[in-house]
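Asks: Please work out how this folds:
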Amino acid sequence: MAAHAGEKAQKTGDFHCARCTEKVHVTQGGAIPRCPNGHTEFETRTNEPGNKS
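Replies: Residues are numbered from 1 along each chain as shown. This next block holds a predicted model:
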């Protein structure tokens, strides 16, 4: 499921941009920012505490 900039993060982790694969780190409950290149859709997440990657 894709996440979008401006949405509230359900978990702390790294979101990877769907268009350029840049990474942004988000803390649980915080708003997801745009990627460093200005894109707004994130396809994958990694480094979520409690989840095996």
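
Asks: So which residue is dead centre in the chain?
Replies: Phe15 (2.4 Å; C-alpha atoms, centre = their mean).

Asks: any idea which element that one lies in?
Replies: Take DSSP states H and E as the rule and Phe15 turns out to sit in strand 13-17.

Asks: Within its sheet, name the partner strands of that strand and how each one runs.
Replies: strand 23-26 (antiparallel), strand 41-46 (antiparallel) (DSSP bridges).

Asks: List the buried residues in it.
Replies: By 16 or more other C-beta atoms under 10 Å, the buried positions in strand 13-17 come out as 13, 15-17. Where C-beta positions appear, they are placed from N, C-alpha and C, glycine not excepted.

Asks: Tabulate these (TSV), appending pLDDT and distance to Asn47.
Replies: Below are the buried residues of strand 13-17 laid out as TSV (pLDDT from 0 to 100; distance: C-beta to C-beta, whole Å):
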residue	pLDDT	distance to Asn47
Gly13	96	5
Phe15	97	10
His16	97	10
Cys17	97	15
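
Asks: Let me know the closest of the residues you listed to Thr44.
Replies: His16 (4.6 Å; C-beta to C-beta).

Asks: from memory the closest one sits against Lys23, does it?
Replies: Yes - the pair His16 / Lys23 is scored as a contact, 5.5 Å apart, by C-beta atoms under 8 Å.

Asks: Show me the shaky parts of the protein.
Replies: For the chain, the stretches with pLDDT under 70 are 1, 52-53.

Asks: Find the nearest non-adjacent residue to Arg19, please.
Replies: His39 (4.6 Å; C-beta to C-beta, 6 or more residues apart in numbering).

Asks: Kindly report the same for Gly50.
Replies: Lys11 (7.9 Å).
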